[in-house]
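Asks: Fold the following for me, if possible:
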Amino acid sequence: MMTAGEMKSAGVGARGAASAAEVQASAEPPRRNLESRDKSAQWIALQPVGKLFSPTGSLVWIIGLLGGAACIVPWIARGWLLFAMIVTTVALLASFDALALWLAREECAPVLLPPGKGLRGREGQTIKIPLALTGSGRRRQRSEVRVAVMPSTPESETATRVNSDPQRLKLERPESAAGKSASASIAPIHLWPWSPEIALLRRGLWPGPRVGIERSSHLGIWRLRQWFDSPEQLRIEADLRSGRREILLSPVYRKLVASRQTPWTGHGRDFERLREYQAGDTYSEIAWKSTARRGAPVTRLFQWEQKQEVYFVVDQSRSSALALDPSTGIESDVPQVRAPRRLLDLSVETALVGATVALELGDEFGLVTYADEPKSWLRAGSGQTQFHQFRDRLLHVEPLPTTADYAALFSEIRARLRRRAYLLLLADLTERSVSDSLLRGVSLVRSSHALLMTSILPAHARPAFSPGEELHTDQDVYAALAGEKENQRLGALARQLHHLDVQLRYIPAEMFLRKAVEGYLESKREQRL
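Replies: Down below sits the predicted model:
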C-alpha cells in the first residue's frame with residue numbers, strides 16, 4: 001500500500017498527472033471534477049517551508065480539569081488509583097491523537113493552477129490566485145482544514161495586500177468516486193480549489209504569496225500548521241491606462257498620429273536631391289560646391305525623417321525616492337489602492353507611455369537608467385519585442401542611495417550613442433548640488449543630441465503672492481519669499497540651459513507625464529534633430 005508521501009510524489013509532484021489517473025475533485029459547495037479541466041493544464045507543486053505542531057485550547061481545559069480532579073482525589077477511597085487510570089487513558093488518547101495527525105501531515109498538499117500567462121497584473125488591480133488542495137482517495141480525509149495566503153517576504157508586504165480572510169475547506173469525497181472501486185495501481189486524486197484575492201500595490205517582480213494550512217486532530221487536541229511557498233513569481237506591471245488617456249487628449253498627439261496630420265515645420269536631415277535655385281531659398285540651403293562646379297546657384301532639398309531615435313533617460317538616484325503624495329503613507333488606516341507614488345514610479349510610467357507613442361509613430365526607442373553612473377542600457381529599436389524588453393528593464397528599477405552624476409552620465413552617452421537622437425531626461429533637477437554637474441554634462445552632448453529635460457516642480461517653489469495664496473502670519477510671508485527665491489533660481493537655470501539649445505521644464509506632478517511626452521512630440525514635429 002502506498003504511503004501518503006508516495007501518493008503525493010506520484011500525483012502532485014508530477015506535472016500532467018491528470019491524463020494518467022482517475023482525477024476527481026470536490027469543493028464546498030460545488031464539486032468540481034478535474035477531468036473537466038484542460039488536459040494541457042499543469043499543476044505547480046508548492047514548496048514546504050515550515051511546520052508548527054502545537055496543542056489547542058482543548059488540551060489546556062483537559063489539564064485544568066485533571067488539576068481540579070487532583071484536588072478532590074484525597075477525599076475519595078482509592079481515589080489516586082482511579083485518578084492514575086484516568087490520567088493514563090487521557091495521556092494515551094492525546095498521544096495517539098498527536099501521532100495520527102503527524103503521520104497524516106502529507107495526506108493533502110496545496111498546488112497552484114496558474115493561468116496561461118502566469119501570475120501577473122497591474123498596479124491597483126485585484127486578482128485571484130488559483131489554488132487547490134490535492135489528496136489521494138485511498139485514505140479517509142479529515143473533514144475540514146483552514147487555508148490562508150500571506151506575503152512570503154517582508155519586502156513583498158509593501159507590494160501586495162491580502163483581501164481574503166482565512167477560509168475553511170471541507171474535504172468531502174465525491175459520491176461518484178465513493179461508488180467506484182479504484183484499481184490497485186492507480187489511486188484517484190481529489191481536488192479542492194479556492195481562489196483568494198490579493199491587491200497589487202507596487203510595480204516589480206515579487207515572490208508568490210505564501211500559503212498556510214491548519215489542520216486539527218480527530219479529537220481536537222492538537223493542531224498542525226504548515227507553510228508553502230510558490231515557485232511562480234508574481235509580476236506587477238505599471239498601470240498605463242491613466243497616462244494613455246492623458247496623451248489621447250493631447251492636441252499635439254492628435255496632430256501627429258491622427259489621420260489628418262498637419263505639416264511639419266523645420267528642415268529634415270535626409271538628403272533627397274538637388275535643384276536649381278528659386279526665389280525664397282535661404283543661404284543655408286545652397287550647395288556651394290555644386291554651385292561652383294555648375295556656375296549657377298543650386299539648392300539642396302531634404303526630406304523629413306520618419307524614423308528617428310529617442311532615448312528615455314530615467315533617474316534612479318536618491319532624489320527619485322521623493323514621495324509625490326506624502327499624506328497617504330503606509331501607516332494610514334485607509335486601505336490604499338496602490339502604494340504611495342514616488343518620483344521614480346512617475347518617471348517609469350512616463351517612459352512606458354512615451355514608448356507606446358514612439359511605437360505608434362514608427363520611431364526607435366531605447367532606455368538609459370542612471371544614478372552615480374549609468375546603470376542599464378537598452379539600444380534603440382522598434383516593434384513589440386523591443387517594447388517588451390523596454391518594459392522588463394523598467395520592472396525592477398528601484399531608487400539607489402547615491403547622488404546623480406550628470407557629467408559621468410553624458411560622457412558615457414557621448415561615447416556610446418553615435419547617431420543623433422532625442423534624449424528625454426526624467427528626473428528631479430531642483431537640488432543645488434546637481435547644477436554644476438548638469439551644466440558640465442550638457443556641454444558634452446548638446447551639439448550631438450537633442451536634449452529634452454523634464455523635472456518635477458516642488459510645491460514650495462512658486463512665485464510670491466500668487467493668486468489664491470493667503471498669508472496670515474509672519475512665517476507664511478517668509479515661506480512665500482523663500483518660494484519666490486527658489487522659483488527665480490530654477491528659472492535662471494532653465495534660461496542658462498536654453499542658451500545651450502537644451503530644453504528644461506519644471507512641471508507639477510499632476511501634469512508631468514503629459515508635458516514630458518508632448519515635449520518629445522513637439523520636438524519631433526519641429527524636426528529638432
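
Asks: Could I get the contacting residues of residue 69?
Replies: Taking C-beta atoms under 8 Å, 6 or more residues apart in numbering, we find residue 69 in contact with 83, 86. The way it works is simple: take the backbone N, C-alpha and C, and place the C-beta from them, glycine included.

Asks: How far off centre is the helix or strand where it lies?
Replies: Counting by DSSP states H and E, the element that carries residue 69 is helix 57-72. Centre-to-centre, helix 57-72 and its host chain are 53 Å apart (C-alpha atoms, centre = their mean, to the nearest Å).

Asks: before we move on, what about stretch 146-155?
Replies: Stretch 146-155 has its average C-alpha position 18 Å from the chain's average C-alpha position, going by C-alpha atoms, centre = their mean.

Asks: Let's see it as PDB, backbone CA atoms only.
Replies: Below are the C-alpha coordinates for stretch 146-155, written out as PDB (Å, rounded to 0.1, in the frame of the first residue of the first chain):
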ATOM      1  CA  ARG A 146      -8.200  26.200   7.300                       C
ATOM      2  CA  VAL A 147      -6.300  27.800   4.500                       C
ATOM      3  CA  ALA A 148      -5.000  31.300   4.100                       C
ATOM      4  CA  VAL A 149      -2.500  33.300   2.000                       C
ATOM      5  CA  MET A 150       0.000  35.900   3.200                       C
ATOM      6  CA  PRO A 151       3.100  37.800   1.900                       C
ATOM      7  CA  SER A 152       6.100  35.500   1.700                       C
ATOM      8  CA  THR A 153       8.800  38.100   2.500                       C
ATOM      9  CA  PRO A 154       8.900  41.400   4.400                       C
ATOM     10  CA  GLU A 155       9.600  43.300   1.100                       C
END
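
Asks: which residues does the residue nearest to residue 528 when sequence neighbours are not counted contact?
Replies: If the residues on either side of it in the chain are set aside, residue 528 comes closest to residue 450, at 4.6 Å by C-beta to C-beta, 6 or more residues apart in numbering. Neighbouring residues of residue 450 by C-beta under 8 Å, 6+ apart: 420-423, 523, 528-529.

Asks: rerun that using 6 Å as the cut-off
Replies: Applying C-beta atoms under 6 Å, 6 or more residues apart in numbering to residue 450 gives the contacts 422, 528-529.

Asks: Spit out the contact partners of the residue nearest the centre of the chain.
Replies: Centroid check for the chain by C-alpha atoms, centre = their mean gives residue 203 as the closest residue, at 2.1 Å. Residues counted as contacts of residue 203 (C-beta under 6 Å, 6+ apart) are 123, 236, 238.

Asks: Likewise for residue 321?
Replies: Residue 321 touches 342, 399, counting by C-beta under 6 Å, 6+ apart.

Asks: rewinding a little: and the residue lying closest to the residue nearest to the centre of the chain once chain neighbours are set aside, how many neighbours?
Replies: The shortest distance from residue 203 to any residue other than its chain neighbours is 5.0 Å, reached at residue 238 (C-beta to C-beta, 6+ apart). By the criterion of other C-beta atoms under 10 Å, residue 238 has 23 neighbours.

Asks: All set now, cheers.
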